[in-house]
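Student: give me a model of this one.
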Amino acid sequence: MIYEKKNKIYLIGFMGSGKSTLGKKLARLLHYDFSDLDQYIESTAADSISNIFDLHGEEYFRKLESKCLNDFNNETYKVIATGGGTPCFHENMNLMLSQGCCVYIRMPEGALLERLRKAAPKRPLLAGKDEAELRTYIHDTLQAREETYLKSHLVIDGVSLSMPSLAQILKSKMMERTH
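Tutor: Numbers count the residues shown, from 1 in each chain. Next up is the predicted model:
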């Protein structure tokens, strides 16, 4: 599809898949700027995502998330790490597909569970869940989101990901689309 339109790369995938960590590395390799959508939301709202969820609920957060995502429309040469649910609400996936290259960092449920076990208290959608509830949440939510995630331009294995090879794939995809 349209990889070169804005020279923007959106990293999508389940929470804990490494979008922010990988995004920073990828941006350095490509000489792009990096933005983390969750950090941008917190900066814009002058509040933490946890507080936004607690005070206003998920629907309010999703509307704010969509508005903040749209703030990147005129940006170029940027890698954007999105939230795990970002593609699944308010036509965000269609926006990202039309604005740049979407890369789904796909992770198996077991690997996500390992990564999210310790981080659960800091994540509003996971807070207060015991291990069984966390496992069920990951399974059910990933199943619900997978169809949307798979609309991405590229699907990569987050477990065996090589950053230089990903950068090379993206460069070649962008180059082939501009010629």
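Student: my guess is Asn70 contacts Leu95. True?
Tutor: Yes: using CB atoms under 8 Å, Asn70 makes contact with Leu95 at a distance of 7.0 Å. C-beta coordinates here come from the backbone N, C-alpha and C atoms, glycine included.
Student: Val103 - that's part of a strand, no?
Tutor: Yes: according to DSSP: H, G, I helix; E, B strand; the rest coil, Val103 belongs to a strand.
Student: skip the chain neighbours and tell me the closest residue to it.
Tutor: Leaving aside its sequence neighbours, Val103 sits nearest to Leu154 (CB to CB, 6 or more residues apart in numbering; 4.7 Å).
Student: what's near enough to touch the one you found?
Tutor: 101-104, 169-170, 173 (CB atoms under 8 Å, 6 or more residues apart in numbering).
Student: which one's more surrounded, Asn70 and Leu95?
Tutor: Neighbours were counted for Asn70 and for Leu95 using other CB atoms under 10 Å; Leu95 has more, 18 against 13.
Student: surely the more buried one is in a strand?
Tutor: No: counting by three-state DSSP, Leu95 is not part of a strand but helix.
Student: which helix runs longest in this structure?
Tutor: helix 131-149 (DSSP state H).
Student: can you list contacts of that helix?
Tutor: 12-14, 84-85, 87-88, 93, 104, 106, 109, 112-113, 116-117, 120, 125-126, 129, 155.
Student: now stretch 55-63
Tutor: 41, 47, 49, 52-53, 85, 89-90, 125.
Student: just the buried ones from those residues?
Tutor: 41, 49, 52-53, 85, 89-90, 125 (16 or more other CB atoms under 10 Å).
Student: Met163 touches Leu26, doesn't it?
Tutor: Yes: here Met163 lies in contact with Leu26, judged by CB under 8 Å, at a distance of 6.4 Å.
Student: of these two, which one has the most company?
Tutor: Leu26 (23 against 13).
Student: and for Val79, the neighbour number?
Tutor: The local packing of Val79 (other CB under 10 Å) involves 27 other residues.
Student: ok now the strand or helix carrying it, how far from the chain's centre?
Tutor: Counting by DSSP states H and E, the element that carries Val79 is strand 78-81. Put simply, strand 78-81 sits 9 Å off its chain's centre (CA atoms, centre = their mean, to the nearest Å).
Student: that one: partners in the sheet, and parallel or antiparallel?
Tutor: strand 8-12 (parallel), strand 33-36 (parallel) (DSSP bridges).
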